[in-house]
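In: Please find the sequence and the predicted model below.
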Amino acid sequence: MEFESTDEVENKSPAELIQFVEGNVDDVHETGGSALPRMDLLGQSIEKDWQEIYDSSKENDDLNSSRENMAGDLIQEGLHETTIERTELVGQNFQRNTDKIWSLLKKEQVLTIGVCGMGGMGKTTLVRHIRNLLQKITYSFHHIYWITVTQAFSIYNLQNMIAKKIDLNLSNEKDEKSRAAKLSKAFLTKQKSVLILDNLSNHFDVEKVGIPIRGDKCKLIFTTRSLNVCKWMGCPENMVKVEPLSEEEAWSLFAKELGNYDTEVEHSAKILATKCAGLPLGIKTMARSMRGVEDDSAWRESLQELEELKGRQGSMGLGGVFPILEFSYLHLNDLSLQQCLLYCALFPEDYKIDRNDLIEYLIAERIIEDLGSRKIQFAKGHSMLNKLENACLLESFITEDYRYVRMHDLMRDMALQIMNSRAMVKAGVQLKEFPDEEKWTEGLTQVSLMRNDIEEVPSNFSPRSTNLVTLLLCENHKLGLITDSFVKRLCRLKFLDLSFTAIQALPGSISGLVHLTGLSLMGCHKLRRVPSLTNLRELRMLNLRNAPLEEVPHGVDFLFKLRYLNLDGTTLQEFSATMLFRLSDLQFLHLHQSFGGLTAVEVEGLAGLRKLESLKCHFYELVDFNKYLKSQEEGQPLHTYNIKIRTTRFGYTTAILVKEENFLALPEGIQKLVIAECNDARNFCNLQATGLKSFVICQCHDVEFLFKLSSFSTDILESLETLHLF
């Protein structure tokens, strides 16, 4: 943010200041952003008005019917985008707890604040609300760091998580004390910070970790389910205990989430609301699962079912919100929805899952069946995720360009409990070694070891998990070797994800995985050799994006069921026209645009791909491009495309770029057009692109004018949103 003068800020009322900051919140990032120090320099009156601004914020909350859309940075490792996070203020206790935390933060002598309560009570929501307020209207803390603590707690792991958040490299530090000293020094060089640790299950010595808790440097806020953690962390007087909702508040929230209901079912609905024990998460999921149920007998049956679930889980030492979450899961009444929800539990705790990436997984795993086209499959996938969000079984949030889903930690625990012996999930827990062989039981069907620090599969590792269907080893960036003996045991494997590993060569036994439907080697930056894939006749998805292969793996042209082939970012020197003639079911084809380009023969093969919906490629000659366009007049139009002719490059999806003036036509539905280095062009009067939204003209030095209105259709101007000339 840039301000002209101190008056621009200082002369505003607190309420106006809030609105002013909200209007510019996109410029504020997790590390504080350049705006915050700048605002401190503008005058001390801002910090003096802390309480007045906070009070104004509460007034704004009331005006918004107790629902806020606050911008905050839930930054995943390595990302720096602003996301929209919703925090819902439920009950008087929520506001009282907010007031108390705010009051404690103002006190210089209060260094640690603990937020305690049982699972599903709203601890994380409360602290998110505080974090959003700090980012939004408080300028005494320049850095706000949010870390979700995984269940695999250790001092070493916590040091790693904090180091990543503050951009500190600890890879060369092995000793705990030296790591702590380096962390502490890094904190002391920064301006005042708040460190938020969510879901802390173990107490620890802050000095051993390297967190310099000082009033002028860093304060600590943590959430925990354990009262003892609060006591051992030294904050019994600075503890905020989150209590259940009152019966009246619980029914109010239940009725709100339920929506319209018949008075005939109100009595049963109120009883069911009380069974949720005042837990906001349970109330919301239960109410959403009962939406549209108008028969009172169905409500009574649900009450009985919930009691049975509570009895069964009570005998297992489980209680609280778990039976309610399982009830909501069972009442999805759709196997694909249930499978989708359980699949999300394979990702690390608190992981932000890109919706499109998740849908690709669901298609590859056949959870979303073949529906004739990828466009329909993606529509189906988004519909499924919307239903899970609407049922409060998944959380949703967005950035400027992406949509994500995330699983509440209790929901994930419930899903893992349902999968039980069928799944081994140790994702994102900083494992350095492969799980012991005895843990690979015969009943396992899904294993997720993604996002760890595993370096190799032990030699002669031969697990009993012959029924394994899904194996996720992606984002083990140091993993350089998997053995033949291991792969040979995976005879029923259907999906293997080794993306973003350091694999240099796949073992030959990969060729024997005849049931494999999906193989992802995306981002394997050291990969040089892939064995023959001839026998993988069930393969539908092959992702080799950004793998430095110089040739297409042998046997790809025999994969007649292949729907998805991504070779973008490879270093291919040539491309087989024969392969295109054989792969008639391809729907997604991305080729790297640095090799010589598709020749006339290869274009003929490309034209035969009548089911193709997404294309990224490079045409060697304009005549080849025109030939392909003509071939598309009889088939279905491409849904997404990124096409290059000759050597000019422009990295936009749904963009086509040409280097000549005389082209025949443009693809139907084109939204972005780039014309570069077209030195003979004088104007673009013959342009036919009625749906065009963005038009870029680059280095066309002889252009005299763009359009002559007397001979030009104005349809293009009605849809055009941006025009760039340079």
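Out: Great, that's in hand. Numbering: from 1, shown residues only.

In: Would it be right to say that Pro458 lies in a helix?
Out: No. Checked against DSSP: H, G, I helix; E, B strand; the rest coil, Pro458 lies outside a helix; its state is coil.

In: Let me know the pLDDT of it.
Out: Here the pLDDT value assigned to Pro458 is 89.

In: Show the backbone phi and psi for it.
Out: phi -60, psi 150 (degrees, to the nearest 10).

In: With Gly555 instead?
Out: Taking degrees, to the nearest 10 as the convention, Gly555 sits at phi 90, psi 0.

In: Report the residue ranges of every domain in the protein.
Out: 7-241, 255-330, 341-407, 671-726 (automatic domain parsing).

In: so how far is the third one from its chain's centroid?
Out: Yep, that's domain 341-407 we're talking about. 9 Å (C-alpha atoms, centre = their mean, to the nearest Å).

In: measure it end to end?
Out: This stretch, domain 341-407, spans 9 Å end to end (C-alpha to C-alpha, to the nearest Å).

In: The shortest one too?
Out: Here the two ends of domain 671-726 are set 19 Å apart, with distance taken as C-alpha to C-alpha.

In: pLDDT averaged over that domain - what is it?
Out: 71.

In: Also the third one?
Out: This predicted structure assigns domain 341-407 an average pLDDT of 93.

In: got it, and stretch 321-328?
Out: 90.

In: contacting residues around it?
Out: 119-120, 275-277, 279, 281-282, 285-286, 288-289, 302, 305-306, 309-310, 312-313, 391-393, 410-411, 413-414, 417-418 (C-beta atoms under 8 Å, 6 or more residues apart in numbering). C-beta here means a position set from N, CA and C on the backbone, and glycine is covered the same way.

In: show me where the stretch 51-200 of the chain has strands.
Out: 67-72, 83-88, 112-116, 143-148, 193-198 (DSSP state E, counting those that start in this stretch).

In: Return the member of those having the minimum mean pLDDT.
Out: strand 67-72 (a mean of 31).

In: thinking again about what came up before, and the contacts of stretch 321-328, which are buried?
Out: The neighbour-count test (16 or more other C-beta atoms under 10 Å) marks 119-120, 275-277, 279, 281-282, 285-286, 288-289, 302, 306, 309-310, 313, 391-393, 410-411, 413-414, 418 as buried among those.

In: Just to be sure, which of those are found in helices?
Out: The members of these that map onto helices under DSSP state H are 281-282, 285-286, 288-289, 302, 306, 309-310, 313, 410-411, 413-414, 418.

In: Identify, from the residues you listed, the entry nearest to Gly114.
Out: Leu410 (19.4 Å; C-beta to C-beta).

In: For the residue nearest to that closest one when sequence neighbours are not counted, give its distance to Ser252.
Out: Using C-beta to C-beta, 6 or more residues apart in numbering and skipping the chain neighbours, the partner closest in space to Leu410 is Gly119 (4.8 Å). Distance of Gly119 to Ser252, given as C-beta to C-beta, to the nearest Å: 22 Å.

In: re earlier: could you identify the most distant pair in the ones in helices among the buried ones among the contacts of stretch 321-328?
Out: Ser302 and Asp413 (22.5 Å).

In: Let me know how buried Asp557 is, in neighbour terms.
Out: By other C-beta atoms under 10 Å, the residues close to Asp557 number 17.

In: Strands of the stretch 351-500 of the chain, residue ranges please.
Out: 353-354, 395-398, 403-406, 423-425, 446-448, 470-472, 495-497.

In: could these be laid out in CSV, adding distance to Gln95?
Out: Shown next, in CSV, are the strands of the stretch 351-500 of the chain (distance: least, C-beta to C-beta, whole Å):
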stretch, distance to Gln95
strand 353-354, 32
strand 395-398, 22
strand 403-406, 25
strand 423-425, 37
strand 446-448, 39
strand 470-472, 42
strand 495-497, 45
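
In: quick one: which of those is nearest Leu346?
Out: Once the strands of the stretch 351-500 of the chain are compared by C-beta to C-beta, strand 446-448 is nearest, at 4.0 Å.

In: Could you export stretch 518-525 as PDB, CA atoms only?
Out: The C-alpha trace of stretch 518-525 is given here as PDB (Å, rounded to 0.1, in the frame of the first residue of the first chain):
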ATOM      1  CA  GLY A 518      -2.300 -43.900 -13.200                       C
ATOM      2  CA  LEU A 519       1.400 -43.100 -13.100                       C
ATOM      3  CA  SER A 520       2.700 -39.600 -12.100                       C
ATOM      4  CA  LEU A 521       6.400 -38.700 -12.400                       C
ATOM      5  CA  MET A 522       5.800 -35.000 -12.600                       C
ATOM      6  CA  GLY A 523       8.700 -32.800 -11.400                       C
ATOM      7  CA  CYS A 524      11.200 -35.800 -11.100                       C
ATOM      8  CA  HIS A 525      14.000 -33.500 -12.100                       C
END
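
In: quick one: contacts of it?
Out: Residues contacting stretch 518-525 (C-beta under 8 Å, 6+ apart): 364-365, 474, 494-503, 506, 527, 530, 536, 539-548, 566.

In: For it, what is the distance to the chain centroid?
Out: On C-alpha atoms, centre = their mean, the centre of stretch 518-525 falls 19 Å from the chain's centre.

In: what mean pLDDT does it have?
Out: 97.

In: Give the buried residues for it.
Out: Applying 16+ other C-beta under 10 Å to stretch 518-525 flags 518-524 as buried.

In: Run through the strands of the stretch 201-350 of the chain in chain order.
Out: Using DSSP E, counting those that start in this stretch, strands in the stretch 201-350 of the chain cover 218-224, 239-241.

In: Other residues contacting the longest one?
Out: Right, the one you point to is strand 218-224. Contacts of strand 218-224 (C-beta under 8 Å, 6+ apart): 101, 105, 110-117, 123-124, 126-127, 130, 141, 187, 192-201, 206, 211-213, 229-230, 233.

In: give the contact list for the residue nearest the centre of the chain.
Out: The residue lying closest to the centre of the chain (C-alpha atoms, centre = their mean) is Ile353, at 2.8 Å. Contacts for Ile353 (C-beta under 8 Å, 6+ apart) come out as 344, 347, 404-406.

In: neighbour-wise, which of those leads?
Out: That'd be Phe347 among the contacts of Ile353, by other C-beta under 10 Å, with 24 neighbours.

In: Bridged to the closest residue to it other than its chain neighbours, which residues?
Out: Nearest residue to Phe347, sequence neighbours excluded (C-beta to C-beta, 6+ apart): Ile353, at 5.5 Å. Counting by DSSP bridges, Ile353 is bridged to Val405.

In: so what's Leu168 up against?
Out: Leu168 neighbours (C-beta under 8 Å, 6+ apart): 162, 182-183, 186.

In: Show me the residues you listed that map onto helices.
Out: Using DSSP H, those in helices are 162, 182-183, 186.

In: Now compare these and name the two farthest from each other.
Out: Ile162 and Lys182 (10.9 Å).

In: What score does Thr6 have for pLDDT?
Out: For Thr6, the model assigns a pLDDT of 37.

In: How about the one 3 residues further on?
Out: The predicted local distance difference test score for Val9 is 39.

In: begin at 648 from here
Out: I'll keep to 648 as the first residue from here, and by that count the last item is Val656.

In: and the closest residue to Val1076 other than its chain neighbours, how many residues sit next to it?
Out: Among residues not flanking Val1076 along the chain, Ala799 sits closest, at 3.7 Å (C-beta to C-beta, 6+ apart). If you count neighbours by other C-beta under 10 Å, Ala799 ends up with 13.

In: Let me know whether Ala799 touches Lys1079 as I believe.
Out: No. The criterion here is C-beta atoms under 8 Å, and Ala799 misses it with Lys1079 at 11.4 Å.

In: okay, Gly1075: pLDDT?
Out: Value for Gly1075, per-residue pLDDT: 92.

In: Done for today, thanks.
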